[in-house]
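Chemist: no sequence for this one, just the structure:
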């Protein structure tokens, strides 16, 4: 019975199988047609930097069938749209490479490219087990921003391009010339001795002796050049560039238009400056700052009538740090205002303490240009005087002649100080910007003749005549005159003979503590 049933069904199964096979072939044909008429979209792979179809097989058979798809794609004919897309992406890759590694203005490599090239060179020499000497130059265009401000950025850009052209003509094609910031150019030269480095540095300085002509203008430009040496001072490019910049700033401070090769002493100086800068931020909290007071005397009698407060700093590690060293750093780091107001507080507090003991001494404090430009300066001085209830005319603010660069502003602040009763003195007179004709229109109380004049007042006739003139003109304008830096009896006698009213200096007393000021004053009163 069973065998009979199978015999009857078997022909039907054969017919159905043929239908099924035909249907599968039809479905496959439709799939291939759809793939041809609907091209796949492509994405860029960051991993292998190729363009792959989005139509990926994420089933478990993907690994087994991947080789077939890759083989098929090799022979696949791309459409015009796909080809245009690939060309567009390739162009974007080129532009991205240019932006990443090159300066768009000068077409020079940038700092990133310089970094990569340096690594390639050092790796190559390391693999070959050979040594090499290299010099890294940091070239800063002096006063370049002035060109941009006065003549426009377009003129500045053209000057930069001409500078890079001259450098390339001088150095040839082998050295790497790179640009990173607006006015800084980097140069990397390999296989070069220190002596040859100096010769090239001199040639670069000389290269700027010839002016640059842009349109109808002629620009006279100089450069400050810092240099570091591989492998003598550092072995990585970041350290070498930092050292070269340190050397370059040293050139700028010493007059510009020159070069300097970084040395280990420079590193020690930078480390000391770093310690000072960070130490200043803690100096007030740690009670490391203190004041000494240099007496000011009446020239005729020798009586002490006041003092000048002088700031001192005892660093916990560096020891005693000179004000000539830490004051400029305080100005650069923005600490000068906080330190300056601490000085005013401490000086006024000490003056009030003397007054309560019956010693009516005036106290003078030095104020930096930056502190003087603080819009709240006068208010803060007033607040300190009110806090300690000190009579205003016992405080004298000493400003340098550099304040006179902005005459209108300086005159307004000086008048405000004068209005609240605070005295104002011009310190180091004769060395800066002011003149007696300018001071005639200001509310100045005192002119202090700079020590540099007093040093030669006996030995040089011209200096003696100049000091006499300053004293006479000050008297005619009703200014008090204080001679600074008196160190000998001859200088003292000269000033007395020429009617200088007041003086200070080591001849009378060096800067001393508050207690010793009173002791000295009592001794002079007793005629000791």
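Modeler: Received it, and whenever you're ready, just let me know what you need. All of these numbers come straight from a predicted model, not from anything done at the bench. Residues are numbered from 1 along each chain as shown.
Chemist: which intervals of the stretch 101-250 of the chain have sub-threshold pLDDT?
Modeler: By pLDDT under 70, the low-scoring segments of the stretch 101-250 of the chain are 101.
Chemist: What segments of the stretch 151-300 of the chain are helices?
Modeler: 153-171, 194-207, 237-253, 264-283 (DSSP state H, counting those that start in this stretch).
Chemist: Take those and write them to JSON lines, including mean neighbour count and distance to residue 384.
Modeler: For every residue, glycine as well, the C-beta is placed using N, CA and C. Formatted as JSON lines, the helices of the stretch 151-300 of the chain follow (neighbours: other C-beta atoms under 10 Å; distance: least, C-beta to C-beta, whole Å):
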{"stretch": "helix 153-171", "mean neighbour count": "17", "distance to residue 384": "46"}
{"stretch": "helix 194-207", "mean neighbour count": "15", "distance to residue 384": "50"}
{"stretch": "helix 237-253", "mean neighbour count": "20", "distance to residue 384": "34"}
{"stretch": "helix 264-283", "mean neighbour count": "15", "distance to residue 384": "19"}
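Chemist: can you list those in a markdown table and add distance to residue 222?
Modeler: Formatted as a markdown table, the helices of the stretch 151-300 of the chain follow (distance: least, C-beta to C-beta, whole Å):
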| stretch | distance to residue 222 |
| --- | --- |
| helix 153-171 | 11 |
| helix 194-207 | 8 |
| helix 237-253 | 10 |
| helix 264-283 | 21 |
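Chemist: Nearest to residue 372, out of these?
Modeler: Closest approach to residue 372 among the helices of the stretch 151-300 of the chain (C-beta to C-beta): helix 264-283, 19.6 Å.
Chemist: Compute the inter-axis angle for that closest one and helix 237-253.
Modeler: 80 degrees (axes from the mean of the first three to the mean of the last three C-alpha atoms, to 10 degrees).
Chemist: Now do the longest strand seen in the chain: distance to the chain's middle.
Modeler: Assignment by DSSP state E gives strand 304-315 as the longest strand of the chain. Counting by C-alpha atoms, centre = their mean, to the nearest Å, strand 304-315 is centred 31 Å from the centre of its parent chain.
Chemist: swap in stretch 305-320?
Modeler: For stretch 305-320, the distance to the chain centre is 27 Å (C-alpha atoms, centre = their mean).
Chemist: same for the longest strand of the chain, what does it pack against?
Modeler: helix 264-283, strand 289-298, strand 319-321, helix 323-333, helix 336-356, strand 362-367, helix 514-525 (3 or more C-beta pairs under 8 Å, 6 or more residues apart in numbering; DSSP states H and E).
Chemist: Point out the most buried one among these.
Modeler: By mean neighbour count, with neighbours taken as mean count of other C-beta atoms under 10 Å, strand 362-367 ranks first of the helices and strands packed on strand 304-315 at a mean of 23.
Chemist: For the chain, give me the ranges with low pLDDT.
Modeler: Under the criterion pLDDT under 70, the flagged ranges of the chain are 1-78, 82-83, 88-89, 91-101, 430-438, 525-528.
Chemist: For the most centrally placed residue in it, give me its contacts.
Modeler: The centroid of the chain falls nearest to residue 332 when counting by C-alpha atoms, centre = their mean (8.5 Å). Applying C-beta atoms under 8 Å, 6 or more residues apart in numbering to residue 332 gives the contacts residue 277.
Chemist: I'd like to know how far it sits from residue 276.
Modeler: 10 Å (C-beta to C-beta, to the nearest Å).
Chemist: what's across from residue 364 in the sheet?
Modeler: Beta-bridge partners for residue 364, by DSSP bridges, are residue 308, residue 396.
Chemist: circling back: buried residues in the longest strand of the chain?
Modeler: 304, 306, 307, 308, 309, 310, 311, 313, 315 (16 or more other C-beta atoms under 10 Å).
Chemist: measure the last one to residue 109 for me?
Modeler: Taking C-beta to C-beta as the measure, residue 315 falls 43 Å from residue 109.
Chemist: Do I have it right that residue 499 meets residue 475?
Modeler: Yes - applying C-beta atoms under 8 Å, one finds residue 499 in contact with residue 475, separated by 7.0 Å.
Chemist: isn't residue 156 right up against residue 148?
Modeler: Yes - in this structure residue 156 lies within contact range of residue 148 using C-beta under 8 Å: 4.2 Å.
Chemist: Need the residues that contact stretch 307-321.
Modeler: By C-beta under 8 Å, 6+ apart, stretch 307-321 touches 272, 275-276, 279-280, 283, 286, 288-296, 323, 326-327, 339, 343, 346-347, 350, 361-366, 398, 504, 511, 517.
Chemist: list the contacts for residue 245?
Modeler: 138, 226 are the contacts of residue 245 under C-beta under 8 Å, 6+ apart.
Chemist: meant to ask about residue 489
Modeler: residue 507.
Chemist: Ok, residue 197 next?
Modeler: Residue 197 neighbours (C-beta under 8 Å, 6+ apart): 135, 189, 227, 229, 261.
Chemist: what about the last one, neighbour count?
Modeler: What it means is residue 261. Around residue 261 there are 21 other residues, counting by other C-beta atoms under 10 Å.
Chemist: and if you look at the third one?
Modeler: Using other C-beta under 10 Å, residue 227 is surrounded by 27 other residues.
Chemist: Then residue 485?
Modeler: 18.
Chemist: Pull up the gap between the spatially closest residue to it that is not a sequence neighbour and residue 504, please.
Modeler: Using C-beta to C-beta, 6 or more residues apart in numbering and skipping the chain neighbours, the partner closest in space to residue 485 is residue 451 (2.8 Å). When distance is defined by C-beta to C-beta, residue 451 is 10 Å away from residue 504.
Chemist: again, but for residue 191
Modeler: Residue 191 is 61 Å from residue 504, by C-beta to C-beta.
Chemist: more neighbours, those two?
Modeler: Remark: of residue 191 and residue 504, residue 504 carries more neighbours, 24 against 10, as counted by other C-beta under 10 Å.
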